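>>> Mind looking at a prediction? Sequence and model below.
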Amino acid sequence: MRFATRTFLWSFLPFAAVLLGSFGSIQKLVEYTVRESLRSSLRQTHRSISRVRSKSEIQNSRFLKILGESATLKAGVQLLRLEPKSAAARLTVEDQLREMCNTLGFDFLLISSPQGAPLAGVMRIGEQLAAMDTSRFRPPQTGYVAVEQRAYQVVSTPIDQGDENIGVLSVGERFDFSDFSTPIVLAHKGSVLRSNVPGASPEEVEAALKACAENQECEIKLHGEAYISQPIESNSFGGGYVLRSLQSVDSASAPVQAILRNVFWIAGIVALLAAMSLSALSSRSIVRPISAMISHLRDSEKTGILPEFHLELARAPEIRDLMDSFNRAAASIREGRQNLHRAYVEFVGSLASALDARDRYTSGHSRRVSEYSRAIAEALNKPAAKVEEIRIAAMLHDIGKIGISDSVLQKQGGLSQEDRALIKKHPAIGRRILEGVQGFQDYLPAVELHHENWNGSGYPWGLSGHGIPLEARIVRIADAYDAMTTDRPYRRGMSPEEALQVIEDNAGIQFDPDLVPIFAEIMRRIERASRAAAEGEREALSMQHLTEAVNGAMLEPVAIPEGESA
């Protein structure tokens with residue numbers, strides 16, 4: 001993000017925070033007002049329903065008393081009491097009840113004993129009136145009953161013969177949700193039996209109502225929409241049945257929220273334009289010089305060279321002080337980096353010299369391997385930084401031999417199996433020596449893996465092919481060549497031609513077959529350059545001569561094999 005943009009944002013954010021806080025507070029206030037209005041509206045609706053139903057119940061109770069005085073009905077009840085197991089008596093009473101239902105339009109009629117045991121009853125299924133199986137359920141005399149997925153609202157009246165109560169007549173009507181102007185849910189002990197909430201199944205409504213305490217008002221979420229739910233206390237059915245009304249808060253507040261959003265959009269745009277103008281005017285004198293500094297610093301990130309700022313670019317005294325302080329710090333850092341680099345190079349050379357000084361036969365081995373490796377890397381057209389990395393890694397490739405006893409390294413004659421096993425540990429020892437030194441991590445692959453063979457027969461891990469890092473494959477060839485052309489206590493060194501022939505014969509076995517031809521051409525050019533000198537000077541050829549010969553023997557850039565890493 002640009003500095004100018006950040007400056008603007010920091011100028012605008014406090015104002016935006018106040019704006020958003022105000023909007024949030026007003027929105028919460030609107031939601032609270034809407035909720036309270038909905039609660040009040042629901043309570044008023046419930047009271048209206050209660051008054052209507054109270055009048056209806058009074059009328060129904062008077063009508064039921066008239067039904068309870070029916071002489072025919074009383075005769076049927078007496079017959080059932082005398083012959084409770086008589087199918088004919090039951091059928092007679094059921095026929096009477098059917099006639100009443102058809103005449104008066106009831107959906108449910110039931111005769112019960114004074115103790116409440118059901119004796120006979122009928123209920124409407126579709127357009128037909130069917131006899132009830134009174135042995136399967138015991139409906140309440142007042143309230144609500146569910147029979148075969150149908151809901152009935154029940155009221156009862158006693159049937160008296162003189163002063164004696166001979167039974168109870170229960171009358172039911174199908175429970176009709178259309179009587180209610182708001183969504184209604186009918187539940188029994190937490191399970192939703194019926195619901196007319198639009199777009200929601202009874203199962204979804206039941207899951208949403210789990211958090212509501214029984215007979216308590218609550219708020220629920222249904223399909224991401226907020227609802228207020230209140231129990232309709234005037235319709236108390238008993239037996240665990242609860243009738244709840246639901247009202248959507250979001251739907252009720254949506255129009256007001258839409259108006260608020262429009263108002264705040266306009267206010268926000270106006271505030272944004274004002275903040276943009278003010279921040280642009282106030283930050284111009286700061287942004288321009290600091291942006292110039294940032295641009296120079298980005299360029300220095302690519303080059304690695306710290307810039308020096310011209311103080312006349314800044315008008316503000318604070319910015320000039322900042323530039324001047326940075327220039328002084330940059331000068332100190334540049335000087336420190338130069339000193340560190342010199343010490344670093346001297347340290348690397350000292351490590352290699354200390355190793356080679358242990359054995360007169362291997363004197364100069366690390367430096368020669370380093371120069372051969374550098375020549376191969378340059379022939380591969382590697383970047384200068386990568387070439388230098390490979391050169392130093394080759395210089396350190398045998399650093400692990402510091403941990404090998406002189407009695408083994410300088411042993412006259414051939415090495416025993418134990419000696420060879422000990423020497424094979426030097427790559428791992430070298431890695432342990434260097435991995436704890438900051439800045440040496442890039443050299444670890446060549447130090448640890450320069451004895452891995454192309455065909456997987458090397459050590460310490462038995463890697464093969466391109467699974468071996470490129471720097472380790474380069475050092476493998478350079479190290480083998482110098483070892484074969486150097487005298488050892490137990491043998492004389494090979495001639496360059498013989499050593500090259502061995503390397504070429506082992507291309508694809510020990511050595512990378514793509515690198516062997518490159519190295520062979522480099523060494524042949526070095527050999528041709530050496531022959532131009534007087535015969536016999538080869539043994540006294542200094543490292544400077546070798547370096548010059550390598551530099552003059554560079555090949556054209558070579559394509560990197562497919563899959564090869566840099």
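Perfect, thanks for sending it. Numbering: from 1, shown residues only.
>>> Out of all residues in the chain, which is the farthest from the middle?
G162 (80.6 Å; Cα atoms, centre = their mean).
>>> For it, give me phi and psi.
The phi/psi pair for G162 (degrees, to the nearest 10) reads phi 70, psi -130.
>>> same check, this time on V122
Torsion angles at V122 (phi, psi; degrees, to the nearest 10) stand at phi -140, psi 160.
>>> what do you get for Y152?
Taking degrees, to the nearest 10 as the convention, Y152 sits at phi -130, psi 140.
>>> what about the closest residue to it other than its chain neighbours, neighbour count?
Nearest in space to Y152, with sequence neighbours left out and distances taken as Cβ to Cβ, 6 or more residues apart in numbering, is G172 at 3.6 Å. Just so you know, the C-beta spots here come from the backbone N, C-alpha and C atoms, and that holds for glycine as well. For G172, the count of nearby residues is 25 (other Cβ atoms under 10 Å).
>>> quick one: G172 and L91, what's the gap?
21 Å (Cβ to Cβ, to the nearest Å).
>>> and what of A379?
Taken as Cβ to Cβ, the span from A379 to L91 is 114 Å.
>>> So which of these two has more stuff around it?
More neighbours surround A379 than the other of A379 and L91, with 21 against 12 (other Cβ under 10 Å).
>>> Make sure the more buried one is actually in contact with I522.
Yes - A379 is in contact with I522 according to Cβ atoms under 8 Å; the separation is 6.5 Å.
>>> Where does pLDDT dip in the stretch 301-450 of the chain?
The stretch 301-450 of the chain contains residues with pLDDT under 70 at 301-319, 338, 341-342, 344-345, 348-349, 352, 356, 358-362, 413.
>>> now the helices: where do they sit in it?
Assigned by DSSP state H, counting those that start in this stretch, the stretch 301-450 of the chain shows helices spanning 317-356, 365-379, 384-395, 406-409, 417-423, 426-435, 444-449.
>>> ok, now the stretch 151-300 of the chain?
Under DSSP H, counting those that start in this stretch, the stretch 151-300 of the chain gives helices at 202-208, 249-303.
>>> just flag whichever of those has the lowest average confidence.
With a mean of 69, helix 249-303 has the lowest mean pLDDT of the helices of the stretch 151-300 of the chain.
>>> Against E471, how distant is S464?
Per Cβ to Cβ, S464 is found 16 Å from E471.
>>> quick one, which of the two is more surrounded?
With neighbours defined as other Cβ under 10 Å, S464 and E471 compare such that E471 has more, 28 against 14.
>>> how many neighbours does the residue nearest to that one when sequence neighbours are not counted have?
Spatially, and ignoring its direct neighbours in sequence, E471 is nearest to A446 (4.2 Å; Cβ to Cβ, 6+ apart). A446 is flanked by 28 other residues according to other Cβ under 10 Å.
>>> What separation do you get for A446 and D95?
A446 sits 108 Å away from D95, going by Cβ to Cβ.
>>> Which strand or helix spans E36?
Using DSSP states H and E, E36 maps to helix 3-68.
>>> continuing past that helix, what's the next helix or strand?
helix 71-82.
>>> which strands and helices sit next to the helix or strand just after that following helix?
Toward the C-terminus, helix 71-82 is succeeded by helix 87-104 as the next helix or strand (DSSP H and E). Contacts defined by 3 or more Cβ pairs under 8 Å, 6 or more residues apart in numbering; DSSP states H and E place helix 87-104 against helix 71-82, strand 108-112, strand 118-125, strand 128-131.
>>> Highest average neighbour count across those: which stretch is it?
Ranked by mean neighbour count, the helices and strands packed on helix 87-104 are led by strand 108-112 with a mean of 24 (mean count of other Cβ atoms under 10 Å).
>>> That strand vs helix 71-82, what angle?
50 degrees (axes from the mean of the first three to the mean of the last three Cα atoms, to 10 degrees).
>>> Just checking: what are the partner strands of strand 108-112?
strand 118-125 (antiparallel), strand 164-174 (antiparallel) (DSSP bridges).
>>> could those strands go into JSON lines alongside distance to N196 and mean pLDDT?
Formatted as JSON lines, the strands paired with strand 108-112 follow (distance: least, Cβ to Cβ, whole Å; pLDDT from 0 to 100):
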{"stretch": "strand 118-125", "distance to N196": "21", "mean pLDDT": "83"}
{"stretch": "strand 164-174", "distance to N196": "14", "mean pLDDT": "82"}
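>>> now the stretch 1-150 of the chain, which segments are flagged as low pLDDT?
For the stretch 1-150 of the chain (pLDDT under 70), the answer is 1-12, 15-16, 19, 34-35, 38, 42, 45-63, 137-150.
>>> how about 50 then?
By pLDDT under 50, the low-scoring segments of the stretch 1-150 of the chain are 52, 58.
>>> Surely the residue nearest to Y152 and L109 touch.
Yes - between G172 and L109 there is a contact under Cβ under 8 Å: 7.5 Å.
>>> Pull up the overlap in contacts between these two.
Residues touching both G172 and L109 (Cβ atoms under 8 Å, 6 or more residues apart in numbering): M123.
>>> about what we covered before: can you redo the strands paired with strand 108-112 as TSV with distance to I404?
Listed next are the strands paired with strand 108-112 as TSV, based on distance: least, Cβ to Cβ, whole Å:
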stretch	distance to I404
strand 118-125	101
strand 164-174	100
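>>> Of those, which is nearest D398?
Nearest to D398, of all those, is strand 164-174, at 99.0 Å by Cβ to Cβ.
>>> now that closest one against helix 87-104, angle please.
50 degrees.
>>> For strand 164-174, which outside residues touch it?
Residues contacting strand 164-174 (Cβ under 8 Å, 6+ apart): 60, 64, 67-68, 73-74, 77-78, 80-81, 106-114, 116, 119, 121, 123-124, 139, 141, 145, 150-160.
>>> and stretch 512-522, how far from the chain's centre?
Between the centre of stretch 512-522 and the centre of its chain there are 49 Å (Cα atoms, centre = their mean, to the nearest Å).
>>> taking the mean pLDDT, what do you get for that stretch?
For stretch 512-522, the per-residue pLDDT values average out at 94.
>>> buried residues in that stretch?
By neighbour count with 16 or more other Cβ atoms under 10 Å, stretch 512-522 contains the buried residues 512, 514-516, 518-520, 522.
>>> For the residue nearest to the spatial centre of the chain, report the pLDDT, please.
Geometric centre of the chain, nearest residue: G224, 23.3 Å, by Cα atoms, centre = their mean. Here, the pLDDT recorded for G224 equals 78.
>>> For it, give me phi and psi.
When read as degrees, to the nearest 10, the backbone of G224 gives phi 80, psi 0.
>>> next one: S135
The phi/psi pair for S135 (degrees, to the nearest 10) reads phi -80, psi -10.
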